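Student: only geometry, no sequence info:
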């Protein structure tokens, strides 16, 4: 499959079924510590074996190499000018069939701003009559006074769900913990395909109160409608199959055909990264409260806490491109206060990048924690055009009905990738990754780093 997954939702090839899912008895701290130690050892070993980077080396990109091959002088870019990347989207996977479209990304700096801003979007159509339109923004205003971030989407889409918790669908739908109208949930419903339309409008604005420190306020709207639960069968004669989506929404009193959340979001942001597109140092912290109250259109009042941390640590004095990066996210909501599809789920972050190795929406729960560590290293000795990554991640989500708590079931994955510098001014890479999860594999082609 070929696709740009920064410019669209995170959809990847699933070559294997998820029929057997042994419980992983490990912890995030152990996983991250092991990968960190291995990565650090590899870095210092490489520094010992190779000569120091030539101080005369200059960062180049693909355009520079092409101009050199054609014996043309290097193109001089004006200071502060933006960088536009347009790419075709061509590919296929089981969820979408054959897809085609166009994606774009524009990186720029506002006057007086010390940070790059980013706008990306895509429009796609698939042979399964799916239509995908997305626009995302992360913008620093003049002099970095304001920080805007947004995620706008409209999808005519289809996607499978698997139940709640990172052990799903172990034991069948909701592990037969309860029945609805006398109808028991069925062990046959392991992979549960659904069709739906989805609209999202998330937009927030942060005001700088100190260098790198912002207080933000925003609005988040998510709506699922025209929902078709394809495996759902309601037959009073006994030939019934109750899906996780139907069971959960009926139990908590939500509509099973359409629902929405309308929420006010308040957050604190600390950002010391040197470059949001491809950071070499610094960290990013976001702590947000999401309140979906009845008076702004919700069936029930729900409260959520959202926490995100990204940090970047150089491990070589000779080349800043050698680094270890960490990404941690946590989403915490009250049980039964959000409809099924709006619960926290994998790859539903702003850029659709979490849980490489698993399909979007593979794991879901009212509480979810995600962690990833990635080692980034240069391959090209001097030009910096080629580089590589190795990564490991882990996800845990709870399931109230099975009394499954966070960290009782953890699903890890890992993989490796290649980076090709397509714009040296913004340090934008074309990213090619392969991820391996538990009975699951994914291939990714993306613009810019995963995080």
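Tutor: That came in fine, so what should we check first? Predicted model only: the values in this text are computed from it and were never measured.

Student: Give me the local confidence score for the residue nearest to residue 337 when sequence neighbours are not counted.
Tutor: Leaving out its chain neighbours, the residue that sits closest to residue 337 by C-beta to C-beta, 6 or more residues apart in numbering is residue 302, at 3.6 Å. Bear in mind the C-beta positions are built from the backbone N, C-alpha and C, glycine included. The model reports residue 302 with a pLDDT of 94.

Student: what do you get for residue 158?
Tutor: 89.

Student: cool, residue 85 as well?
Tutor: Residue 85 is assigned a pLDDT of 82 by the prediction.

Student: Correct me if wrong: it contacts residue 421.
Tutor: No. Taking contacts as C-beta atoms under 8 Å, residue 85 lies outside contact range of residue 421: 11.8 Å.

Student: For the helix or strand containing residue 139, buried residues please.
Tutor: Using DSSP states H and E, residue 139 sits within strand 131-140. For strand 131-140, burial by neighbour count (16 or more other C-beta atoms under 10 Å) applies to 132, 133, 134, 136, 137, 138, 139, 140.

Student: ok so, going back, quick check: neighbours shared by residue 85 and residue 421?
Tutor: residue 428 (C-beta atoms under 8 Å, 6 or more residues apart in numbering).

Student: quick revisit: any idea how many residues pack against the residue nearest to residue 337?
Tutor: 21 (other C-beta atoms under 10 Å).

Student: Ok, residue 318 next?
Tutor: 13.

Student: Wasn't it part of a helix?
Tutor: No. Using DSSP: H, G, I helix; E, B strand; the rest coil, the assignment for residue 318 is coil, not a helix.

Student: in the chain, which residue is closest to the centre?
Tutor: Central residue of the chain (C-alpha atoms, centre = their mean): residue 353, 2.5 Å from the mean position.

Student: quick one: that one and residue 432, what's the gap?
Tutor: Note on residue 353: its distance to residue 432, by C-beta to C-beta, to the nearest Å, is 14 Å.

Student: residues shared between the contacts of these two?
Tutor: Counting by C-beta under 8 Å, 6+ apart, nothing touches both residue 353 and residue 432.

Student: pLDDT weak spots in the stretch 1-150 of the chain?
Tutor: 1-56, 77-80, 91-97 (pLDDT under 70).

Student: Let me see the ranges of the helices in it.
Tutor: 28-49, 62-69 (DSSP state H, counting those that start in this stretch).

Student: what's in contact with the strand holding residue 139?
Tutor: Taking C-beta under 8 Å, 6+ apart as the rule, strand 131-140 contacts 7-9, 101, 109-110, 113, 115-126, 146-157, 276, 350-351.

Student: and it, which strands flank it?
Tutor: strand 117-126 (antiparallel), strand 146-161 (antiparallel) (DSSP bridges).

Student: per-residue pLDDT, the residue nearest to the centre of the chain?
Tutor: pLDDT at residue 353 comes out at 85.

Student: ditto for the one 10 residues further on
Tutor: According to the predicted model, the pLDDT of residue 363 comes to 94.

Student: Tell me how far stretch 107-116 lies from the chain's centre.
Tutor: 24 Å (C-alpha atoms, centre = their mean, to the nearest Å).

Student: Any buried residues in that stretch, and which?
Tutor: Taking 16+ other C-beta under 10 Å as the criterion, stretch 107-116 shows 107, 108, 109, 110, 113, 115, 116 as buried.

Student: my read: the residue nearest to the centre of the chain touches residue 448, true?
Tutor: No. Using C-beta under 8 Å, residue 353 is not in contact with residue 448; the gap is 9.6 Å.

Student: what about residue 124, distance to residue 315?
Tutor: According to C-beta to C-beta, residue 124 and residue 315 sit 38 Å apart.

Student: Out of these two, name the residue with the larger neighbour count.
Tutor: A direct count of neighbours by other C-beta under 10 Å for residue 124 and residue 315 places residue 124 higher, at 25 against 21.

Student: Name the nearest residue to the more buried one, ignoring sequence neighbours.
Tutor: Nearest to residue 124 is residue 101, by C-beta to C-beta, 6+ apart, at 3.2 Å.

Student: how close does that neighbour sit to residue 168?
Tutor: Counting by C-beta to C-beta, the gap from residue 101 to residue 168 is 31 Å.

Student: Between the two, which is the more surrounded one?
Tutor: Using other C-beta under 10 Å, the more surrounded residue of residue 101 and residue 168 is residue 168, with 28 against 21.

Student: Can you name the residues that contact residue 102?
Tutor: Counted by C-beta under 8 Å, 6+ apart, residue 102 has contacts 86, 87, 88, 89, 122, 123.

Student: Touching, the last one and residue 101? I think so.
Tutor: Yes. Proximity of residue 123 to residue 101 meets the contact threshold set by C-beta under 8 Å, at 5.1 Å.

Student: how about stretch 371-382: buried residues?
Tutor: For stretch 371-382, burial by neighbour count (16+ other C-beta under 10 Å) applies to 371, 372, 373, 374, 375, 376, 377, 378, 380.

Student: same question, stretch 145-155
Tutor: 146, 147, 148, 149, 150, 151, 152, 153, 154, 155.

Student: for stretch 385-399, same thing?
Tutor: 385, 387, 389-399.

Student: So what's the gap between stretch 269-288 and the chain middle?
Tutor: The answer for stretch 269-288 is 16 Å, by C-alpha atoms, centre = their mean.

Student: List the buried residues of that stretch.
Tutor: Neighbour counts over stretch 269-288 (16+ other C-beta under 10 Å) mark 269-271, 273, 275-280, 282-286, 288 as buried.

Student: List the residues that contact residue 384.
Tutor: Contacts of residue 384 by C-beta under 8 Å, 6+ apart are 57, 59, 60, 321, 378, 421, 424.

Student: Next, find the distance separating residue 65 from residue 380.
Tutor: From residue 65 to residue 380 the distance is 10 Å (C-beta to C-beta).

Student: before we move on, the earlier item: tabulate the buried residues of stretch 371-382 in a markdown table, adding columns for secondary structure.
Tutor: Output for the buried residues of stretch 371-382, formatted as a markdown table (three-state DSSP):
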| residue | secondary structure |
| --- | --- |
| 371 | strand |
| 372 | strand |
| 373 | strand |
| 374 | strand |
| 375 | strand |
| 376 | strand |
| 377 | strand |
| 378 | strand |
| 380 | coil |
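
Student: What is the nearest of those to residue 413?
Tutor: Comparing the buried residues of stretch 371-382 against residue 413 with C-beta to C-beta places residue 372 closest, at 9.3 Å.

Student: Grab the nearest non-local neighbour of the closest one.
Tutor: residue 393 is the one closest to residue 372 (C-beta to C-beta, 6+ apart), at 3.8 Å.

Student: give me the element that neighbour is part of.
Tutor: strand 386-397.

Student: who does that strand pair up with?
Tutor: Assessed with DSSP bridges, strand 386-397 is paired to strand 367-378 (antiparallel), strand 411-423 (antiparallel).
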